[in-house]
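Asker: Structure for this input, please:
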Amino acid sequence: MASTYEKIASTTLTSTVASVTFSSISGAYTDLVVVMNPISSSATDSYPWLQFNGDTGSNYSRTMIAGTGSAAESDRSTNSTQGYFIYGNRVFTDASFNAILHINNYSNTTTYKTFLARTGAASNRVESTVGLWRSTSAITSILFDLDTNSFVSGSTFTLYGIKAA
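Answerer: Okay, here's the model as predicted:
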């Protein structure tokens, strides 16, 4: 079955912000894809996370695998109040970090939602994460934030919808 990507929204920051939100997401697609190149306001560790529909309950879980070229590792968390899609990678003060998130079957109202993330920083490591949001609500908004610091000018976030043919 063929599918097509349709750009829903895109933002390139021109100032420092604490978070980025895509809201009023239509249920007209089968899946969502977010491509981002976030830049942090500080060199201290700053791990990105997401929340769907403003849900701050302990409804997020994730499992991660990573590689640095010389070592591999894995990690798991459950009952989190946000969906971390990074573990060892962190957002840098330059544009060397990128992430692609696939949010599957996001508008279905009978199943929990899963997301798959591929992230990397050429100077650091690559990671793959599978996450779960334990809610049957259709996703209508996605908030991206950092556990410390802010996103700065030049950060890019693009939301695509996938339409099945």
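Asker: buried stuff in stretch 109-125?
Answerer: For stretch 109-125, the neighbour count (16 or more other Cβ atoms under 10 Å) marks 113, 115, 117, 119-121, 124-125 as buried. Any C-beta I mention is one placed from the backbone N, CA and C, and that applies to glycine too.
Asker: Mind checking which of those residues are in strands?
Answerer: The strands, defined by DSSP state E, take in 113, 115, 117, 119-121, 125 from the buried residues of stretch 109-125.
Asker: Dump those to CSV, plus pLDDT and distance to residue 107.
Answerer: Formatted as CSV, those follow (pLDDT from 0 to 100; distance: Cβ to Cβ, whole Å):
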residue, pLDDT, distance to residue 107
113, 97, 9
115, 96, 14
117, 94, 20
119, 86, 25
120, 82, 29
121, 76, 32
125, 79, 33
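Asker: Nearest to residue 80 among the residues you listed?
Answerer: Residue 80 has its nearest neighbour among these in residue 115, at 13.0 Å by Cβ to Cβ.
Asker: Residue 83 and residue 47 touch, don't they?
Answerer: No. Contact criterion Cβ atoms under 8 Å: residue 83 and residue 47 do not qualify, at 11.4 Å.
Asker: and the ones in strands among the buried residues of stretch 109-125 as JSON lines, adding distance to residue 154?
Answerer: Converted to JSON lines, those look like this (distance: Cβ to Cβ, whole Å):
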{"residue": "113", "distance to residue 154": "30"}
{"residue": "115", "distance to residue 154": "25"}
{"residue": "117", "distance to residue 154": "21"}
{"residue": "119", "distance to residue 154": "18"}
{"residue": "120", "distance to residue 154": "18"}
{"residue": "121", "distance to residue 154": "16"}
{"residue": "125", "distance to residue 154": "22"}
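Asker: Please verify my assumption that residue 125 contacts residue 70.
Answerer: No. Contact status for residue 125 versus residue 70: not in contact, 9.9 Å apart, counting by Cβ under 8 Å.
Asker: residues touching the residue nearest in space to the middle of the chain, list them.
Answerer: For the chain, the residue nearest the mean C-alpha position is residue 101 (5.2 Å; Cα atoms, centre = their mean). Residues near residue 101 by Cβ atoms under 8 Å, 6 or more residues apart in numbering: 32-34, 36, 50, 85, 115-117.
Asker: As a markdown table, those with distance to residue 159 would be great.
Answerer: Output for those, formatted as a markdown table (distance: Cβ to Cβ, whole Å):
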| residue | distance to residue 159 |
| --- | --- |
| 32 | 6 |
| 33 | 8 |
| 34 | 5 |
| 36 | 9 |
| 50 | 12 |
| 85 | 15 |
| 115 | 13 |
| 116 | 15 |
| 117 | 14 |
